[in-house]
Structure formats: structure tokens, C-alpha cells
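J.: requesting a structural model of the entry that follows:
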Amino acid sequence: MNPQKIKEEILHQCQNYVDQRLQRIQNTITGIQESLTSETKSTAGDKHETGRAMLQLEREKAGKQLAEVQKLQEVLAKIKISPSEHIHLGSLVITSQGHYFISISVGKLSIENKSYFAIAANSPIGKLLLGKTTGDSFSFNGNEIIIKQVS
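T.: Numbers count the residues shown, from 1 in each chain. Got it, this is the predicted structure:
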């Protein structure tokens with residue numbers, strides 16, 4: 001598979017990851033909303049208020065998670081997978097230590113039995129890679145890593 005097709009597939013897998021997270025969070029928010037509206041005032045008033053407060057906290061937590069997912073969607077929308085000599089958002093980078101796709105932090109993805117790591121540009125290794133080109137090297141965790149290919 002050529003580098004362009006690999007990048008398209010990794011980007012597709014990243015999008016699926018974000019879509020699944022979004023769906024889980026939306027389901028959580030819907031469940032919390034239903035719980036809040038169905039909770040009726042019982043004779044044990046304090047218990048009712050405590051339950052509502054807990055649901056409110058859960059809703060706030062889900063809201064923060066939703067905001068994080070929206071940021072990931074924004075990053076994915078900015079990715080251009082066109083070839084470039086210098087590493088940038090959307091680059092596929094083959095190094096002596098592994099294969100990286102600069103996008104969002106998804107972790108290890110497998111394409112045609114090869115492992116690729118979708119990493120964020122602001123991750124420790126992402127920061128070291130940005131702007132570099134084929135043949136450059138850098139040190140990470142005491143290891144000298146050579147950039148073999150950028151596409």
C-alpha cells in the first residue's frame with residue numbers, strides 16, 4: 001500500500017475513534033438527562049437532592065469530555081495528507097524506532113499487519129518530529145532515532 005493510501009486509512013481510523021467516543025458521550029448525556037427528568041421528589045428529600053447533585057456532576061463531566069472530543073474533531077479537520085518534505089500535521093513518518101502519523105493521540109493502529117502510531121503534534125515525540133525531514137535524527141528517552149522517510 002502506498003503512503004498516501006496508508007495516510008487515508010489511518011485518518012479514517014482516527015475519525016472512527018473520535019466518532020465512537022462522541023457517540024458514547026452523547027449516550028451518557030442522554031441517559032443523565034433522562035435520569036434528571038424522571039427523578040421525582042420522594043419523601044426522602046435529602047436523598048433526592050443528593051441524587052440530583054450527583055447527576056449534575058456527571059453531566060458536567062460528560063460536557064467536558066464532549067468539549068475534548070470537539071477539539072479532536074477540529075484537529076482532524078485541519079489535517080492535510082498531501083506529501084511534504086517537512087513533518088507537519090498529517091505526515092506519515094517512518095523512523096528507525098517505528099511508524100508515526102501526526103494527527104491526534106489514538107495510539108497503535110494496524111494496517112496490513114504493520115503497526116502505526118497516531119500521535120498528537122503536541123505529544124513529546126510529536127514535538128520532536130515537527131519540522132524535521134528525511135535523514136534527520138533526534139534523541140528520545142535516551143535513544144537516537146533516525147527519520148527514514150517522510151510522506
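J.: which helix or strand lies directly C-terminal to the longest helix along the chain?
T.: Using DSSP state H, we find that the single longest helix of the chain is helix 3-38. As assigned by DSSP states H and E, the chain's next helix or strand after helix 3-38 is helix 45-78.
J.: now do that next one against helix 3-38, angle only.
T.: 160 degrees (axes from the mean of the first three to the mean of the last three Cα atoms, to 10 degrees).
J.: now do the buried residues in the helix-or-strand element of the chain with minimal mean pLDDT.
T.: When the helices and strands of the chain are compared on mean pLDDT, DSSP states H and E, helix 45-78 comes out lowest with a mean of 89. Neighbour-count burial for helix 45-78 flags Leu55, Glu58, Arg59, Ala62, Gln65, Val69, Leu72, Val75, Leu76 (criterion: 16 or more other Cβ atoms under 10 Å). In this view, the C-beta of every residue, glycine as well, is placed from N, C-alpha and C.
J.: before we move on, the earlier item: now do the longest helix of the chain: distance to the chain's middle.
T.: 11 Å (Cα atoms, centre = their mean, to the nearest Å).
J.: and it, what other elements does it pack with?
T.: Counting contacts by 3 or more Cβ pairs under 8 Å, 6 or more residues apart in numbering; DSSP states H and E, helix 3-38 is packed against helix 45-78, strand 92-95, strand 99-103, strand 107-111, strand 114-120.
J.: now the third one: average pLDDT?
T.: When pLDDT is averaged over strand 99-103, the result is 97.
J.: next one: the second one
T.: Taken as a whole, strand 92-95 has an average pLDDT of 97.
J.: with only the CA atoms kept, save it in CSV.
T.: Extracted in CSV, the C-alpha atoms of strand 92-95 (Å, rounded to 0.1, in the frame of the first residue of the first chain):
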residue,chain,number,x,y,z
LEU,A,92,3.4,9.8,7.9
VAL,A,93,6.9,9.4,9.4
ILE,A,94,9.0,6.2,9.2
THR,A,95,11.8,6.1,11.7
